[in-house]
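Colleague: sequence-free structure coming up:
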């Protein structure tokens, strides 16, 4: 059953480290090379509509389409790794197994710089339409791939096109700390699974560079910076009473372009000038929440029923 009430008028007051009012989660989406493509054996290439339409034969491989995605892996990832080193912040990289396999140098650099890797599927696709066994197989394949390429096991999960009613049961059984397939709150929250309480660290669509793509609503990097700045300002005001969380979603083939990257750079500089901002990976946020805001007993017991 859907939960349209959530925390209601009085969310839990869970202080962040250093008395921060807002936990800012920077997210890099590393999907390049894992998208649908004829080159990878799919029936058609991933759609792009950045020019308002595409005239190429959809049944034939398009090197032009492929090149849009390639930019993120060839250039975008290095631009952000360098920027984040400069500002001294760490991100969560929502990475597809195939994307890391096809750029092992970048995969190792992500770990070297202390960024978290969150499971984003083996290929860039969701779990909707899969049976429970198919979902478990996809999750395990993604985990095995990431471990083989980077030497680390992801503790979080987020996939394109969503999850099913059974996915969180599987994630809990497979030992995941959290998932981010939700846009429903400004704070982490628990849901019940067959294994007990499971933590959701929600994501955000409005503070996401995907709004530049296709028919997106952002027209310039100034728009993106304004959205990020105003979101942070609002949450800082509210965070004086109830600390909040903010997600910044960046796709390396979109936000990795110079103009959009400059908007993110301006936001990082702005945020670091404010009092009460904690830049954290999603795993750090999840572990802090688990330690400081344990689940209700009813959810913990759900798995025993």
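Modeller: Ah, there it is. These figures come from a predicted structure and were not determined experimentally.
Colleague: gap between residue 200 and residue 245?
Modeller: According to Cβ to Cβ, to the nearest Å, residue 200 and residue 245 sit 11 Å apart. Glycine gets a C-beta too; all of them are placed from N, C-alpha and C.
Colleague: tell me how far stretch 107-121 lies from the chain's centre.
Modeller: Offset of stretch 107-121 from its chain centre (Cα atoms, centre = their mean, to the nearest Å): 12 Å.
Colleague: which parts of that stretch are buried?
Modeller: Residues 107, 110-111, 115-121 are the ones in stretch 107-121 that count as buried (16 or more other Cβ atoms under 10 Å).
Colleague: equivalent analysis for stretch 260-274, please.
Modeller: Using 16+ other Cβ under 10 Å as the test for burial, stretch 260-274 gives 260-261, 263-268, 271.
Colleague: switch those over to a markdown table; also include distance to residue 102 and secondary structure.
Modeller: A markdown table is the format used below for those (distance: Cβ to Cβ, whole Å; DSSP: H, G, I helix; E, B strand; the rest coil):
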| residue | distance to residue 102 | secondary structure |
| --- | --- | --- |
| 260 | 23 | helix |
| 261 | 22 | helix |
| 263 | 28 | helix |
| 264 | 24 | helix |
| 265 | 27 | helix |
| 266 | 31 | helix |
| 267 | 29 | helix |
| 268 | 28 | helix |
| 271 | 32 | helix |
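Colleague: if you drop the residues flanking it in sequence, what lies closest to residue 44?
Modeller: residue 58 (5.3 Å; Cβ to Cβ, 6 or more residues apart in numbering).
Colleague: find me the pLDDT at residue 58, would you?
Modeller: Listed pLDDT for residue 58 reads 73.
Colleague: quick one: secondary structure of it?
Modeller: Following DSSP: H, G, I helix; E, B strand; the rest coil, residue 58 is assigned to coil.
Colleague: surely it and residue 42 touch.
Modeller: No - the pair residue 58 / residue 42 is not scored as a contact, 11.3 Å apart, by Cβ atoms under 8 Å.
Colleague: now do the shared contacts for residue 200 and residue 245.
Modeller: The contact sets of residue 200 and residue 245 overlap at residue 188 (Cβ atoms under 8 Å, 6 or more residues apart in numbering).
Colleague: comparing the two, which shows the higher neighbour count?
Modeller: More crowded of residue 200 and residue 245, by other Cβ atoms under 10 Å: residue 245, with 24 against 20.
Colleague: that one belongs to a strand?
Modeller: Yes - checked against three-state DSSP, residue 245 lies within a strand.
Colleague: now do the contacts for it.
Modeller: Per Cβ under 8 Å, 6+ apart, neighbours of residue 245: 22-25, 186-188, 201-202, 235, 285.
Colleague: also residue 104?
Modeller: Going by Cβ under 8 Å, 6+ apart, the list of residues near residue 104 reads residue 149.
Colleague: and if you look at residue 242?
Modeller: Contact analysis of residue 242 by Cβ under 8 Å, 6+ apart lists 11-13, 187.
Colleague: measure it to residue 158 for me?
Modeller: 25 Å.
Colleague: and the residue nearest to residue 44, how many neighbours?
Modeller: Close neighbours of residue 58, defined as other Cβ under 10 Å, add up to 13.
Colleague: phi, psi for it please.
Modeller: With angles defined as degrees, to the nearest 10, residue 58 sits at phi -70, psi -10.
Colleague: tabulate the buried residues of stretch 260-274 (CSV), appending distance to residue 207 and pLDDT.
Modeller: Shown next, in CSV, are these (distance: Cβ to Cβ, whole Å; pLDDT from 0 to 100):
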residue, distance to residue 207, pLDDT
260, 13, 95
261, 15, 97
263, 11, 96
264, 11, 98
265, 15, 98
266, 14, 98
267, 9, 98
268, 13, 98
271, 12, 98
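Colleague: alright, I will stop here.
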